[in-house]
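*Asks:* Any chance you can model this:
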Amino acid sequence: MRWSNWSGLVKAEPARMEKPETEAQLADLVKQCAQEGKTLRPVGAGHSFTPLAATDQVLLSLDAMSGLISVDSEKKHAEVFAGTRLKALGELLYSRGLAMENLGDIDVQSIAGAAVTGTHGTGPQFGIIATQIEGLTLIDGKGDLITCSADENPELFRAARVSLGALGVITRVRLKLLPAYRLRYTSKRAGFFETLERMDSYADRHRNFEFYWFPHSDRVQLKLTDRTEDTAKGAGLTKQLNDLILENGAFWVLSQMCRFAPSLCAPVSKLCAALISEGSRVDWSHRIFATQRLVKFQEMEYNIPRQNLAEALRAVHAKTAERNYRVHFPIEVRFVAADDIMLSPANGRESAYVAVHMFKGMPFETYFREIEEIFLSFDGRPHWGKWHSLAAPRPAPKYPRWQDFQDLRAAHDPGGVFLNPYLKNLFGLD
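*Replies:* Numbering: from 1, shown residues only. Below is the predicted model of the structure:
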């Protein structure tokens with residue numbers, strides 16, 4: 001069989017795909033792979049831009065293990081199967097009067113896939129998605145079913161929530177939740193350097209704040225989100241058609257033009273900046289966070305200490321002007337709280353995330369590598385689900401508990417059932 005990720009960058013030909021329906025079936029599969037010396041890699045929606053799921057042996061889908069297991073509305077907890085997609089999860093929780101405290105802007109991933117790659121939303125008081133997990137169950141490389149939380153197997157818990165699928169297969173997670181709530185989303189235009197001066201104020205004054213800078217221009221789109229008691233009105237059919245046809249369809253046409261005539265990238269980026277729509281809408285939280293992404297792209301994203309963000313963005317701005325990169329996709333900036341998860345890019349520091357994109361089919365590596373060097377010079381750490389060039393020994397000094405994670409990995413997967421070439425290269429196990 002053939003498999004590729006969402007963007008088409010990663011391709012593989014696994015010998016077979018398995019879709020167990022129960023934890024017992026999955027444990028038997030892991031034991032079988034261990035006995036036969038085969039490797040197994042879990043895959044969700046394929047939204048990682050790194051070869052985390054790539055394998056020529058057994059590809060594991062948890063699509064048959066999805067949905068709510070239990071809900072405690074009084075304590076505001078829910079246990080869900082790991083294969084549950086975020087979009088479905090949002091509606092399931094909403095039907096019970098509950099919601100996740102924060103989400104990213106794409107909701108097609110599985111809850112486990114989003115967690116173990118360090119996926120995040122924005123808001124300096126909120127951690128990455130993995131910090132919303134209060135407990136989890138996994139099957140390790142020996143086929144053992146293990147539960148962990150801050151009170152039970154706490155070291156494993158600090159490792160497993162962002163584990164790249166290297167410690168075991170997460171089968172279920174227990175989430176801490178909020179009562180369902182509404183958000184008001186507002187889009188505004190601003191200048192690049194003005195935004196750098198005011199971004200800390202925006203981030204601290206609003207529940208969620210992010211912005212997009214359009215290369216080759218001085219224009220920024222501000223996205224400001226706050227809780228509200230106003231009635232949810234949804235996007236409406238006209239707005240939905242605008243998002244689908246204009247923002248996705250028209251942008252796809254412009255992107256294709258840039259692909260075949262790269263000299264158009266600068267004017268197209270300036271045009272998109274000039275067409276930034278301003279306005280606001282109110283809806284339930286999970287519907288506000290998510291954005292339809294129908295135009296495919298490649299992406300690199302780095303975590304940078306928040307205090308380094310303004311200087312790093314000025315360096316990216318200067319480099320873009322110097323090199324005149326043939327890119328028209330905006331650069332996205334978000335904010336995240338510190339955490340104590342071993343391989344979390346936000347481990348031990350208040351963080352900002354900066355993401356760069358390139359339309360699918362256009363050359364991206366020179367652009368990504370040169371911007372990556374800027375991020376690294378500001379103590380950057382890669383988002384594990386986005387393209388990056390790091391391999392052992394470069395990542396180790398960036399994470400205070402890198403070796404602790406490696407020791408746990410070796411203990412829970414002594415036979416390397418969950419290792420593929422990408423992880424071996426990343427961990428220095430070749």
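*Asks:* wait, isn't R158 in contact with D339?
*Replies:* No. Applying CB atoms under 8 Å, one finds R158 not in contact with D339, separated by 9.3 Å. Any C-beta I mention is one placed from the backbone N, CA and C, and that applies to glycine too.
*Asks:* residue contacts, the most centrally placed residue in the chain?
*Replies:* Centroid-nearest residue in the chain: T119, 3.0 Å away (criterion: CA atoms, centre = their mean). Counting by CB atoms under 8 Å, 6 or more residues apart in numbering, T119 makes contact with 104, 109, 113, 128-129, 383, 385.
*Asks:* what's the distance between it and Y353?
*Replies:* 10 Å (CB to CB, to the nearest Å).
*Asks:* Would you mind listing the residues touching both of those two?
*Replies:* Counting by CB under 8 Å, 6+ apart, the shared contacts of T119 and Y353 are H383.
*Asks:* Which parts of the stretch 51-200 of the chain are strands?
*Replies:* 58-61, 68-72, 77-81, 98-99, 133-140, 145-149, 168-176, 178-179, 182-191 (DSSP state E, counting those that start in this stretch).
*Asks:* low pLDDT regions in the stretch 151-300 of the chain?
*Replies:* Scanning the stretch 151-300 of the chain for pLDDT under 70 picks out the ranges 234-247.
*Asks:* repeat that with 50
*Replies:* Of all residues in the stretch 151-300 of the chain, none has pLDDT under 50.
*Asks:* could you show me where the helices are in it, in order?
*Replies:* Remark: helices assigned in the stretch 151-300 of the chain by DSSP state H, counting those that start in this stretch are 154-160, 192-205, 236-241, 251-260, 265-274, 285-289.
*Asks:* Give me the domain ranges for the chain.
*Replies:* The chain is divided into the following domains under automatic domain parsing: 61-179, 182-382.
*Asks:* so of those domains, which one's packed in deepest?
*Replies:* Ranked by mean neighbour count, these are led by domain 61-179 with a mean of 20 (mean count of other CB atoms under 10 Å).
*Asks:* Distance from that one to the middle of the chain?
*Replies:* Put simply, domain 61-179 sits 13 Å off its chain's centre (CA atoms, centre = their mean, to the nearest Å).
*Asks:* returning to what we had before: now distance to E23 too, for the domains of the chain, in TSV please.
*Replies:* Converted to TSV, those look like this (distance: least, CB to CB, whole Å):
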stretch	distance to E23
domain 61-179	5
domain 182-382	24
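*Asks:* so which of these gets nearest L419?
*Replies:* Ranking the domains of the chain by their distance to L419 (criterion: CB to CB) puts domain 61-179 first, at 7.0 Å.
*Asks:* Start and end of that closest one, how far apart?
*Replies:* Domain 61-179 has its terminal residues 31 Å apart, counting by CA to CA, to the nearest Å.
*Asks:* Equivalent analysis for stretch 317-334, please.
*Replies:* End-to-end distance for stretch 317-334: 17 Å, by CA to CA.
*Asks:* Same question for stretch 410-425.
*Replies:* Termini of stretch 410-425 sit 15 Å apart (CA to CA).
*Asks:* how about it: buried residues?
*Replies:* By neighbour count with 16 or more other CB atoms under 10 Å, stretch 410-425 contains the buried residues 412-413, 416-420, 422-423.
*Asks:* Please tell me how far the residue nearest to the centre of the chain sits from S277.
*Replies:* Distance, T119 to S277, by CB to CB: 26 Å.
*Asks:* Repeat that for D28.
*Replies:* D28 is 52 Å from S277, where distance means CB to CB.
*Asks:* OK, contacts around A261?
*Replies:* Per CB under 8 Å, 6+ apart, neighbours of A261: none.
*Asks:* Repeat the analysis, applying 10 Å as the threshold.
*Replies:* A261 is in contact with 268, 326, counting by CB atoms under 10 Å, 6 or more residues apart in numbering.
*Asks:* Between the buried residues of stretch 410-425, which sits nearest I288?
*Replies:* Of the buried residues of stretch 410-425, the one sitting nearest to I288 (CB to CB) turns out to be Y422, at 34.2 Å.
*Asks:* show me what contacts that closest one?
*Replies:* Residues in contact with Y422, defined by CB under 10 Å, 6+ apart, are 10, 41, 50-55, 164, 391.
*Asks:* Mind doing that once more with 7 Å?
*Replies:* 50-52, 54 (CB atoms under 7 Å, 6 or more residues apart in numbering).
*Asks:* and those as JSON lines, adding neighbour count?
*Replies:* Shown next, in JSON lines, are the contacts of Y422 (neighbours: other CB atoms under 10 Å):
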{"residue": "T50", "neighbour count": "23"}
{"residue": "P51", "neighbour count": "19"}
{"residue": "L52", "neighbour count": "26"}
{"residue": "A54", "neighbour count": "22"}
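*Asks:* now, which of those residues sits nearest R306?
*Replies:* For these, the nearest to R306 is T50 (24.3 Å; CB to CB).
*Asks:* before we move on, back to that, identify, from the contacts of Y422, the entry nearest to P330.
*Replies:* Closest approach between these and P330, by CB to CB: T50, at 21.8 Å.
*Asks:* now the closest one: how far from G67?
*Replies:* 28 Å.
*Asks:* Likewise for V253?
*Replies:* Distance of V253 to G67, computed by CB to CB: 38 Å.
*Asks:* again with R174
*Replies:* Distance of R174 to G67, given as CB to CB: 14 Å.
*Asks:* same question, V162
*Replies:* According to CB to CB, V162 stands 24 Å off from G67.
*Asks:* ok, now T171?
*Replies:* Remark: distance between T171 and G67 (CB to CB) = 13 Å.
*Asks:* Overlap of the contact sets of the two?
*Replies:* Counting by CB under 7 Å, 6+ apart, the shared contacts of T171 and G67 are F81.
*Asks:* picking that back up, pLDDT and distance to F359 added to the contacts of Y422, as TSV?
*Replies:* As requested, those are arranged in TSV below (pLDDT from 0 to 100; distance: CB to CB, whole Å):
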residue	pLDDT	distance to F359
T50	98	19
P51	98	21
L52	98	23
A54	98	22
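*Asks:* Closest one to R323 out of these, please.
*Replies:* For these, the nearest to R323 is T50 (24.4 Å; CB to CB).
*Asks:* Look at that closest one and tell me its secondary structure.
*Replies:* Assigned by DSSP: H, G, I helix; E, B strand; the rest coil, the conformation of T50 is coil.
*Asks:* export stretch 187-203 as CSV, just CAs?
*Replies:* These are the backbone C-alpha positions of stretch 187-203, laid out as CSV (Å, rounded to 0.1, in the frame of the first residue of the first chain):
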residue,chain,number,x,y,z
SER,A,187,-10.0,40.5,12.7
LYS,A,188,-8.1,43.8,12.2
ARG,A,189,-5.4,45.3,10.0
ALA,A,190,-2.2,46.7,11.4
GLY,A,191,1.3,47.6,10.5
PHE,A,192,4.2,45.1,11.1
PHE,A,193,6.4,47.3,13.2
GLU,A,194,3.5,48.8,15.1
THR,A,195,2.4,45.2,15.9
LEU,A,196,5.9,44.4,17.2
GLU,A,197,5.6,47.3,19.6
ARG,A,198,2.1,46.4,20.8
MET,A,199,2.0,42.6,20.6
ASP,A,200,2.7,42.0,24.3
SER,A,201,-0.1,44.3,25.2
TYR,A,202,-2.4,42.5,22.7
ALA,A,203,-1.4,39.1,24.1
